[in-house]
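*Asks:* coordinates only, sequence not included:
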């Protein structure tokens, strides 16, 4: 007796090449019917129990026929295709013989092995072909003349709630797909779906091949990947028994074999934080399927008033008879349906159809007289009644003959196997491995053109292809007998060969990879003499193509440069995984851009690797991840979407694109538009300000480069950190300590200052934008942020943050000596409905432009002067070293040293003038002379720093001057800048003059002292 409840099984497949490259480790283990998942980070294990746990990861050999067989004594034992059929497929087949409907569902991510388990590959046949083979084997063994067996085959796909007949070419499909209708007796059915009579497994195999070709073509034409569609194969099996009186009874059953949409679709929604969720019809159908199962379980457990929502999706409508009704198997063991055998006398069925026809004709007459809108539905039911009557009146032999004639005609039209053995050809590559290599396009002698349908008639060999960014006469292939050349049909026709875009004719080589438009991928198979048994065509899968395209975009090289290396021969697996994520999303970004362009949305998508060159506060590389930068060209708004959010939105964009292709108006409220989001702050870049100076009570100041994720400079920030007192007043004198441990247990105060930024690219691109910066420090509970500055490329933040530490501990000292202040610059955007106050752009007068150029020339001269002064400063420092007494080079802690450093108070009060050097009672004139020189140099450096600050301010204000439109304001600002330049010039002259005067005095005194010293020596000698 067949099983009355569902069997749930899980299967683990071998690693694919992508996973091998990433050095992935299998975290799944199996024993008997238990499956264990181990968390690689924590080692935590979770155990799940199923009816069957199939280990197909390793432990197999390949026999001479190419069939995978288990290795002896391998644990766990390898589960081959026959094992899976014996446990699952045989029960489905047994139910069919008993007259019950049965269903088998395959669920998992794209590439998880669903198609391999269901269909198989090569000699390793899956459940569907084994089931069909066993069915026809039993039929062939029947010797009873009173029994007749009839098998029909149908194959359909449900995409976005639209039904496509996979046994009908895409160009013959009706717009919007086939309609799903409901018959009062037989339930839901697909109007116009081909149900092909078959009498052998070989015919079913050919039908499945034909359906796969149509599915592959449609997925490219409509940008609908197989991971987003459900495929349903239905085998209708009728057993007709005749009695002695000539009466017949029919026992029928349906075997539904369902390849559900990829589980990654369901996983990507809900965990993205996206405001638009559950918008996909694919997600809706999977949710409805779950609700149906849950409702059936509730009914089985005795709950009343339960309505099973079969009608909520096309998938559950068509599977109603398999999930409920006369189905003996269901998903949950708690579900127990009152199953009934599909058994009815054929003559009775004919009488019922005739009676129904009369009833429908009468009803149609009444509806037409009243002009009721339901008349169309009744006409459709009447047409279905006529079709069923015609099927019954035809003998099975007549139906088989019609199917055979149609099949032979189709074979003649599509047969090309013999030709492919003589000429080069292209074979398709699909994201779903099962759909790769099923479309093969021969390249005949002369020119073969591939392009959008309705192309020019000038080409004898014109092959219609569809897809995003495919143009008429898109690509020309010229077969010259000994070589094949490829050439774009126009300048805008995008063609890539081995990842690189081509713009002129290019010679193809055996196993070259070709991309046409956004999503048409082909492998070029060369002349017969170029092909060898060693050709590893399987390695050129979808992942290979995407990695090559990413390399062609330059990302592979950039990522490998930034990666961390485990050793000299081993690549960091984490980096490979990030690259693979980037490669995978790159193709989807191409498709999203193409759909945006065709629908004139004006939105551009760009795949970005976040933190490609970024480092944390300790200088370690940050974790990298793939994000998508989204830019609206009309509004100049920018968003950053996570990989999951982008994929969620792309599914919605695809659905919008499908409606657009069907002529539907896709203008919707922006809150429901997958191309739109409310404005958000955008990370622009960051800089590292190391804090070790703070540990020595030293100030630091510089213009820091702000660099984005890829290391590109996007702005500069003027950042300074200086010691201060507890009231935030900066120290006027030096406060350097020579050992940070001296700070331990003491109070520490310092000021972080960011007066301004300059050359902010974010605002340069759109002057309505704003910027602010943010950073975190030690144990501060929240990030510290500046105010937002709008509409300025050179924003004046005038930011000051007083950091006060009541008592310095060892942890803080370690933090200061090892960490940097990571200052992040963020961009702000004005919401579309708001209008920020902006400057009116008008032409600056000719005289103002000339004046600005004069000012820029003056500034350039001052910069040269500063460079000269820095050189003089360095020269003066070297000169000063010559005059230092030898005693200063000794250990300052030595009691013999005539000079001792003041370190009693690490950060002295600004009110107390603490000299850098103090002399003991024996201090001589040389020490006094050296002290004067040190003071002179200190004054010089202080004055130069002040001048440099003034000059930086003038340079930073230069761009703001150019942005002014009002002439009066411009003249006022220019006059002020002129005064500032004069002030800088005067200050520089005074600073240099003071230093020269001091140095001349010191040198003069030094000469006098040397002369006196030499005289004293001579006197002593006498």
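*Replies:* Everything's here; your move. What you are looking at is a predicted structure, and each value in this text was computed from that prediction instead of being measured.

*Asks:* Check the separation of the first and last residues in stretch 486-499.
*Replies:* 15 Å (Cα to Cα, to the nearest Å).

*Asks:* Can you pull out the low-pLDDT segments for the stretch 351-500 of the chain?
*Replies:* Residue ranges of the stretch 351-500 of the chain with pLDDT under 70: 351-358, 360-382, 384-399, 404, 407-417, 454-459.

*Asks:* how about the strands in the stretch 201-350 of the chain?
*Replies:* 229-242, 248-259, 343-345 (DSSP state E, counting those that start in this stretch).

*Asks:* which strands and helices sit next to the longest one?
*Replies:* It stands for strand 229-242. helix 90-98, helix 127-140, strand 147-159, helix 201-221, strand 248-259, helix 281-300, helix 314-318 (3 or more Cβ pairs under 8 Å, 6 or more residues apart in numbering; DSSP states H and E). Backbone N, C-alpha and C define where each C-beta goes, glycine included.

*Asks:* how about those, which one is nearest residue 611?
*Replies:* Residue 611 lies closest to helix 281-300 among the helices and strands packed on strand 229-242, at 30.8 Å (Cβ to Cβ).

*Asks:* which residues make contact with stretch 36-53 from outside it?
*Replies:* Here stretch 36-53 makes contact (Cβ atoms under 8 Å, 6 or more residues apart in numbering) with 7-10, 25, 27-35, 87-88.

*Asks:* Just the mean pLDDT for that stretch, thanks.
*Replies:* For stretch 36-53, mean pLDDT rounds to 92.

*Asks:* Relative to residue 584, how far out is residue 431?
*Replies:* Applying Cβ to Cβ, to the nearest Å, the value for residue 431 to residue 584 is 9 Å.

*Asks:* Give me the more crowded residue out of those two.
*Replies:* residue 431 (23 against 20; other Cβ atoms under 10 Å).

*Asks:* gap between that one and residue 108?
*Replies:* Separation of residue 431 from residue 108 (Cβ to Cβ): 14 Å.

*Asks:* Test my guess that residue 679 contacts residue 770.
*Replies:* No: using Cβ atoms under 8 Å, residue 679 makes no contact with residue 770, being 11.0 Å away.

*Asks:* circling back: let's have the strands of the stretch 201-350 of the chain in TSV, adding mean neighbour count and distance to residue 493.
*Replies:* Shown next, in TSV, are those (neighbours: other Cβ atoms under 10 Å; distance: least, Cβ to Cβ, whole Å):
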stretch	mean neighbour count	distance to residue 493
strand 229-242	21	29
strand 248-259	20	35
strand 343-345	14	59
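
*Asks:* Select from those the stretch with the lowest mean pLDDT.
*Replies:* Minimum mean pLDDT among these: strand 343-345, a mean of 52.

*Asks:* my guess is residue 695 contacts residue 740, does it?
*Replies:* Yes: here residue 695 reaches residue 740: they are 4.0 Å apart, a contact under Cβ under 8 Å.

*Asks:* Now do the shared contacts for these two.
*Replies:* With Cβ under 8 Å, 6+ apart, residue 695 and residue 740 have common neighbours 813, 816, 817.

*Asks:* Not counting residues beside it along the chain, what's closest to the first one?
*Replies:* Meaning residue 813. residue 740 (5.3 Å; Cβ to Cβ, 6 or more residues apart in numbering).

*Asks:* how many neighbours does the one you found have?
*Replies:* Residues near residue 740, counting by other Cβ under 10 Å, number 20.

*Asks:* From residue 44, how far out is the residue nearest in space to the middle of the chain?
*Replies:* Among the residues of the chain, the one closest to the centroid is residue 643, at 3.6 Å (Cα atoms, centre = their mean). Using Cβ to Cβ, one obtains 26 Å as the distance from residue 643 to residue 44.

*Asks:* thinking residue 68 is in contact with residue 82, fair?
*Replies:* No: contact criterion Cβ under 8 Å: residue 68 and residue 82 do not qualify, at 10.1 Å.

*Asks:* Which residue of these two possesses the greater neighbour count?
*Replies:* Per other Cβ under 10 Å, whichever of residue 68 and residue 82 has more neighbours is residue 68, with 19 against 14.

*Asks:* Please report phi then psi for the more buried one.
*Replies:* Backbone torsions for residue 68, taken as degrees, to the nearest 10, come to phi -80, psi 130.

*Asks:* Just the pLDDT for it.
*Replies:* Predicted confidence (pLDDT) for residue 68: 91.
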